[in-house]
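**Student:** Here you go, sequence then predicted model.
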Amino acid sequence: MSRVKLVSMPFDIRIHWGDSQSVGRYPTINNLRFAYRTNEKAGLRRDEINAAFSNAAQLVAFTLGLYPSGIVSTIRLIPIRPCAKILVNLPEGQSVHNLGFDASNGSEQSNHVPSKSVTLFLVLLGELSSRIMAQKRRNDPAASEDGPPFNMKACSIDNVDVTNLGDSNTSAWSSVMFCIAANLRWLSELDIGRFHV
């Protein structure tokens, strides 16, 4: 029982790896397309993106609960619906960022998730992944289990610094979202019974 992959049970994350049939396909979380921007031609709207981000936030928040030490406490993830939130608590003050579209604050004009929110989510995911890998090495130095498929450092994933991406750079953001989804899938498939503190 200690080797059950409990995290993956409520999170079905599908990634289409490089086959010619997958061009233009979105990664999905529980059959919801995980994307940075809306796509009216594909029928991808704000509510679906919000639900996918909310599922992603639930996965990260759940896993953060299993690995609470060593994670930056200045950033908190609130996996609520219809729009997940990221709370930032700095000495200069607090701020709330929507991890999706929140019509109540005028974001209905935008066709993409706020890039700062995606960046903060990436920071949390990167710190969580680093913590998990460090814990694995401490518990079993001979462990051969690999880390996430795409390297994450501060505000970058797969060597793409998201702070340098323009909001309209659709292809770069699509690549970033694919990489985040792949790393979320890795997270959902971890053998948590052996490694959590």
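**Tutor:** Cool, the structure landed.
**Student:** if I've got this straight, residue 95 is in a helix?
**Tutor:** No: using DSSP: H, G, I helix; E, B strand; the rest coil, the secondary structure at residue 95 is strand, not a helix.
**Student:** Test for you: state the pLDDT assigned to the closest residue to it other than its chain neighbours.
**Tutor:** Residue nearest to residue 95 in three dimensions, not counting chain neighbours: residue 88, with 4.8 Å by CB to CB, 6 or more residues apart in numbering. All C-beta atoms are positioned from the backbone trio N, CA, C, and that covers glycine. On pLDDT, residue 88 comes in at 92.
**Student:** Next one: residue 165 from residue 15, what distance?
**Tutor:** Distance from residue 165 to residue 15, counting by CB to CB, to the nearest Å: 21 Å.
**Student:** Tell me which of the two has more neighbours.
**Tutor:** Using other CB atoms under 10 Å, the more surrounded residue of residue 165 and residue 15 is residue 15, with 20 against 17.
**Student:** my read: that one touches residue 185, true?
**Tutor:** Yes: the criterion here is CB atoms under 8 Å, and residue 15 meets it with residue 185 at 5.9 Å.
**Student:** Neighbours of residue 93, how many?
**Tutor:** Considering only other CB under 10 Å, residue 93 is surrounded by 7 other residues.
**Student:** Flag the shaky bits of the chain, pLDDT-wise.
**Tutor:** 1-9, 17-24, 68-72, 104-108, 142-145, 192-197 (pLDDT under 70).
**Student:** and the longest helix for it?
**Tutor:** helix 115-139 (DSSP state H).
**Student:** Report the contact partners of residue 14.
**Tutor:** 27-28, 185 (CB atoms under 8 Å, 6 or more residues apart in numbering).
**Student:** Helices - which of the residues you listed land there?
**Tutor:** Short answer: these in helices (DSSP H) are residue 185.
**Student:** List the residues that contact residue 148.
**Tutor:** 129, 182-183, 186-187.
**Student:** Between which two of those residues is the distance greatest?
**Tutor:** Within the contacts of residue 148, two members stand farthest from each other by CB to CB: 129 and 182, at 11.7 Å.
**Student:** and residue 10, what does it touch?
**Tutor:** 30, 58.
**Student:** going forward, begin numbering at 4 instead of 1
**Tutor:** OK, 4 is where the count begins now, so the last one is residue 13.
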